[in-house]
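[1] Any chance you can model this:
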Amino acid sequence: MHSVVCIKQVPDSAQIRVHPVTNTIMRQGVPAIINPYDLFALEEALRLKDQFGGTVTVITMGPPMAEAALRKCLSFGADDAILVSDRAFAGSDTLATSYALTATLRKIMETRPVDLIFTGKQTIDGDTAQVGPGIAKRLDCQLLTYVSRIVDLDVEKREIQVERRAEGGVQLLRTATPCLITMLEGTNEMRFGDLEDLFRAARHDLKVWDRAAAGIDAVEMVGLKGSPTVVSKVFAPKPRSKRAEIIEGSDGDPQGLAVALLSRLFTQHPKLEQEIAKRAV
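    Numbers count the residues shown, from 1 in each chain. From the prediction side, this is the model:
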């Protein structure tokens, strides 16, 4: 079984600041990390490898510095890594990024079939959740988004069953492979890399593919030319000036405190009581 995990190196959002005058993101001095949501995807692929065997390949599109993120993935247990890097990719939005990654996946499939493609549900720098679905659409394969658990995988029948978190509950879905899965946060816990994998990651002959090596002939589909998205403004949210409201109650009367809290909520949000009543029917 061959799983491919798409990751992204992103700036640490906890340390990003917005310039007070230009309203642009200040990236200077901000460390780069692996997109946290992608780590849940990587761990899930590694767990399937532990259970069923096979290999895990990690790919990313980015500048040369993204090599560090790929080597980190190798240290966790991934078998191979490919960095897709070319100046032609500069300024790519989600549409152009999904095009480049799809071309890379097709190039990988020329030499070895891919059974499962994993991504995180979204990235912390863009928060659009569009790249994974974009890849699935271009590859014309089944898409399973917001997956919270892989229930069953039948390698011989090439079928997978997952739990997908949806509004109002959990869906149990079964589909054929190959398919693309976007993993939710909190679905697993990233393992620690052992010493052998750490040394292997440092020595690994990491593949670096430019536009031609990735099989991208249409340069107008990547970079700024292939990116219709325009960001007009970036701004930081205004700090709230209103203080938190405290509702007090006696220690021996939790029911009275709950009633007082609900009463205050229904007073401030008149439609809330009606919505809860509709759902309770």
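
[2] Leaving out chain neighbours, which residue sits closest to Arg200?
    In space, and not counting its chain neighbours, Arg200 is closest to Leu74: 6.6 Å by C-beta to C-beta, 6 or more residues apart in numbering. Any C-beta I mention is one placed from the backbone N, CA and C, and that applies to glycine too.

[3] For this protein, just list every one of the helices.
    Assigned by DSSP state H, the helices in the chain fall at 36-52, 67-76, 94-109, 131-139, 195-203, 254-268, 270-280.

[4] Convert the third one to CSV, retaining C-alpha atoms only.
    This points to helix 94-109. Extracted in CSV, the C-alpha atoms of helix 94-109 (Å, rounded to 0.1, in the frame of the first residue of the first chain):
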residue,chain,number,x,y,z
THR,A,94,-5.1,27.5,-3.7
LEU,A,95,-6.1,26.9,-7.3
ALA,A,96,-2.6,27.0,-8.7
THR,A,97,-1.3,25.0,-5.7
SER,A,98,-3.8,22.2,-6.3
TYR,A,99,-2.8,22.2,-9.9
ALA,A,100,0.9,21.8,-9.1
LEU,A,101,0.4,19.1,-6.5
THR,A,102,-2.0,17.2,-8.8
ALA,A,103,0.7,17.2,-11.5
THR,A,104,3.2,15.9,-9.0
LEU,A,105,0.9,13.1,-7.9
ARG,A,106,0.3,12.1,-11.5
LYS,A,107,4.1,12.0,-12.0
ILE,A,108,4.4,9.8,-8.9
MET,A,109,1.7,7.5,-10.2
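
[5] in that helix, what counts as buried?
    94-105, 107-108 (16 or more other C-beta atoms under 10 Å).

[6] Redo those as JSON lines? Include distance to Ile82 and pLDDT.
    Output for the buried residues of helix 94-109, formatted as JSON lines (distance: C-beta to C-beta, whole Å; pLDDT from 0 to 100):
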{"residue": "Thr94", "distance to Ile82": "20", "pLDDT": "93"}
{"residue": "Leu95", "distance to Ile82": "21", "pLDDT": "95"}
{"residue": "Ala96", "distance to Ile82": "18", "pLDDT": "95"}
{"residue": "Thr97", "distance to Ile82": "15", "pLDDT": "95"}
{"residue": "Ser98", "distance to Ile82": "16", "pLDDT": "96"}
{"residue": "Tyr99", "distance to Ile82": "16", "pLDDT": "96"}
{"residue": "Ala100", "distance to Ile82": "12", "pLDDT": "96"}
{"residue": "Leu101", "distance to Ile82": "10", "pLDDT": "97"}
{"residue": "Thr102", "distance to Ile82": "14", "pLDDT": "96"}
{"residue": "Ala103", "distance to Ile82": "12", "pLDDT": "96"}
{"residue": "Thr104", "distance to Ile82": "7", "pLDDT": "96"}
{"residue": "Leu105", "distance to Ile82": "10", "pLDDT": "97"}
{"residue": "Lys107", "distance to Ile82": "9", "pLDDT": "96"}
{"residue": "Ile108", "distance to Ile82": "7", "pLDDT": "96"}
